[in-house]
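J.: 3D, please:
(one chain, ligands or ions: 2)
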Amino acid sequence: MNIQHNISLKPYNTFGIDVAAKHFVAISTLEELTAVLSLKDYPNKLILGGGSNMLLTKDVDALVIHINIKGISIISETEDSVLVKANAGEIWHDFVLWTLNQDYGGLENLSLIPGNVGTSPIQNIGAYGVELKDVFESCEAIHLQTLKLHTFNKAACNFGYRNSIFKQEAKGQYIITSVTFKLSKTNHELHTNYGAITTELEHMQVSNPSIQDISKAVISIRNSKLPNPKDIGNSGSFFKNPVVSKDLYLHLLHQFPDIPSYPVSETEVKIPAGWLIEKAGFKGKRLGDYGVHKNQALVLVNYGGAKGSDILKLSEIIQQTIQRIFNISIESEVNIL
Ligand code: FAD
Ligand code: EPU
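T.: Residues are numbered from 1 along each chain as shown. Ligands and ions are numbered 1, 2, ... in the order given. Model prediction:
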């Protein structure tokens, strides 16, 4: 185990923010993780996966533990389904491609989401009509204080839209070390109704899509919409899409007849925050080295040398403006540190 000191986190966060970690260690086995958590010298800890859902606003006065535990194994299988366990440090998209190579179905709509497998339950990652919870069997997590390994089944995770127990009651208490998925081996359930998937499949001239075709369609749509962090620093959607009462929605519909919405329940609808931000005039706005992406108003970007505090300030101005114009409070999805 090699603990480094005063190192830049710029290569470790997709926003590309240049702050320093007081201490940093990369962990590649469960034993190393237990050993590092037993050290008494580092009371403050920050768990780091792929760094694709965090905004670093200041130097990190803690031991940054970079989770790099690799490994994929099959736990059990029947004729129709398989339980696959992936360790937390596996790169999410590489794991998705691995499952598609085995012709295991379930993760194809979640192709190309950045980050690590171990982080996927934290905000119940979702895209193109599928959420992690749809294929989640269980995860293992080590308690930071007791160092005991706990297994969380789906019910225990209390998944919601971009939400789980790990963002609520259990926040900051556990490190997820592996995730087990239940995937299909036959009769894959295809999800092609969301967004532009059908149009993209038509464009690809595919009428009877396989799970691999759906993955390719999702990759193509994502590449056309979302900035690649290798080119422009970002953390994907900066805010969650707000869920509002039908009453407020109907009131807004009167004022803004083109306002989009998705049904949530009898009394609530979800409104795309990207639409609200675009309508408020922020889309494509650039303030020096940072701004709002020109193709996707929900994505805040760092063009190079922005500080996390600059981006945080911009996000607060956006929140206040959306509140003033629409009477809607939008919550950040990104973890602000
Ligand atoms: P990190 O940023 O490293 O960590 C996020 C949080 O989890 C931090 O608070 C960290 O301390 C904690 N954490 C990390 N690892 C662990 C662990 N093993 N145990 C406990 N805590 C941990 N998200 C979606 O849901 N859908 C999308 O479509 C999507 N698209 C994106 C597109 C782009 C271009 C980008 C940059 C991001 C996108 N995201 C999306 C957000 C992001 O990819 C996910 O939230 C992802 O799960 C974050 O993983 P990570 O390993 O990078 O997390
Ligand atoms: N829209 C605009 N202007 C914009 C952007 C969006 O008007 O600049 C409106 C349009 O009406 C569009 C609608 O918003 O039809 C939805 O846009 P999009 O399909 O791009 O999806 P999103 O709601 O902006 C969500 C997730 C993404 C996920 C996609 C696809 C959240 C916060 N974001 O984005 O997840 O990839 O759907 O399923 O739920 C992430 O979490 O980081 C992320 C990228």
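J.: least confident secondary structure element in the protein?
T.: The weakest-scoring helix or strand in the chain, judged by mean pLDDT, DSSP states H and E, is strand 262-263 (a mean of 93).
J.: which residues does that strand contact?
T.: With contact meaning C-beta atoms under 8 Å, 6 or more residues apart in numbering, strand 262-263 is reached by V269, K270, P272. All C-beta atoms are positioned from the backbone trio N, CA, C, and that covers glycine.
J.: among the residues you listed, who's most crowded?
T.: Greatest neighbour count in the contacts of strand 262-263, by other C-beta atoms under 10 Å, goes to V269: 20 neighbours.
J.: how about that residue: what's its closest non-neighbour residue?
T.: In space, and not counting its chain neighbours, V269 is closest to S261: 4.2 Å by C-beta to C-beta, 6 or more residues apart in numbering.
J.: ok, now H5?
T.: With C-beta to C-beta, 6+ apart, the residue lying closest to H5 is H23, at 5.7 Å.
J.: what about that neighbour, neighbour count?
T.: 21.
J.: and it, helix, strand or coil?
T.: strand (DSSP: H, G, I helix; E, B strand; the rest coil).
J.: residues touching the residue of the stretch 201-337 of the chain found nearest ligand 1, list them.
T.: The nearest approach of the stretch 201-337 of the chain to ligand 1 comes at G236, 2.5 Å away (C-beta to the nearest ligand atom). Counting by C-beta under 8 Å, 6+ apart, G236 makes contact with S52, N53, I113, P114, L226, V299, E333, V334.
J.: and if we set it to 10 Å?
T.: Shown in contact with G236 (C-beta atoms under 10 Å, 6 or more residues apart in numbering): 14, 52-53, 113-115, 125, 127, 222, 226-227, 229, 296, 298-300, 333-334.
J.: out of those, which touch ligand 1?
T.: T14, S52, N53, I113, P114, G115, I125, A127, L226, P229 (C-beta under 6 Å from any ligand atom).
J.: which residues of the stretch 201-337 of the chain score low on pLDDT?
T.: Residue ranges of the stretch 201-337 of the chain with pLDDT under 70: none are present.
J.: please, where are all the helices along it?
T.: Remark: helices assigned in the stretch 201-337 of the chain by DSSP state H, counting those that start in this stretch are 211-225, 246-255, 273-279, 308-326.
J.: which residues of this structure lie near ligand 1?
T.: So the chain meets ligand 1 at 14, 46-54, 67, 88, 113-116, 118-120, 122-123, 125-127, 175-176, 226, 229, 234-236, 335 (C-beta under 6 Å from any ligand atom).
J.: quick one: I259 and L253 touch, right?
T.: Yes: counting by C-beta atoms under 10 Å, I259 touches L253, with 5.7 Å between them.
J.: name the residues contacting each of these two.
T.: With C-beta under 10 Å, 6+ apart, I259 and L253 have common neighbours V269.
J.: for those two, indicate the residue with more neighbours.
T.: A count of neighbours by other C-beta under 10 Å puts I259 above the other of I259 and L253, at 17 against 14.
J.: for Q296, see how far away that one is.
T.: I259 sits 18 Å away from Q296, going by C-beta to C-beta, to the nearest Å.
J.: of the ones next to ligand 1 among the contacts of G236, which are in range of ligand 2?
T.: Among the ones next to ligand 1 among the contacts of G236, ligand 2 is touched by A127 when using C-beta under 6 Å from any ligand atom.
J.: what sits against I232?
T.: Counting by C-beta under 10 Å, 6+ apart, I232 makes contact with T14, F15, G16, L226, G291, H293, V299, V301, N302, Y303, G304.
J.: export those residues to JSON lines and tack on neighbour count?
T.: Output for the contacts of I232, formatted as JSON lines (neighbours: other C-beta atoms under 10 Å):
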{"residue": "T14", "neighbour count": "22"}
{"residue": "F15", "neighbour count": "27"}
{"residue": "G16", "neighbour count": "22"}
{"residue": "L226", "neighbour count": "20"}
{"residue": "G291", "neighbour count": "22"}
{"residue": "H293", "neighbour count": "22"}
{"residue": "V299", "neighbour count": "23"}
{"residue": "V301", "neighbour count": "25"}
{"residue": "N302", "neighbour count": "25"}
{"residue": "Y303", "neighbour count": "15"}
{"residue": "G304", "neighbour count": "11"}
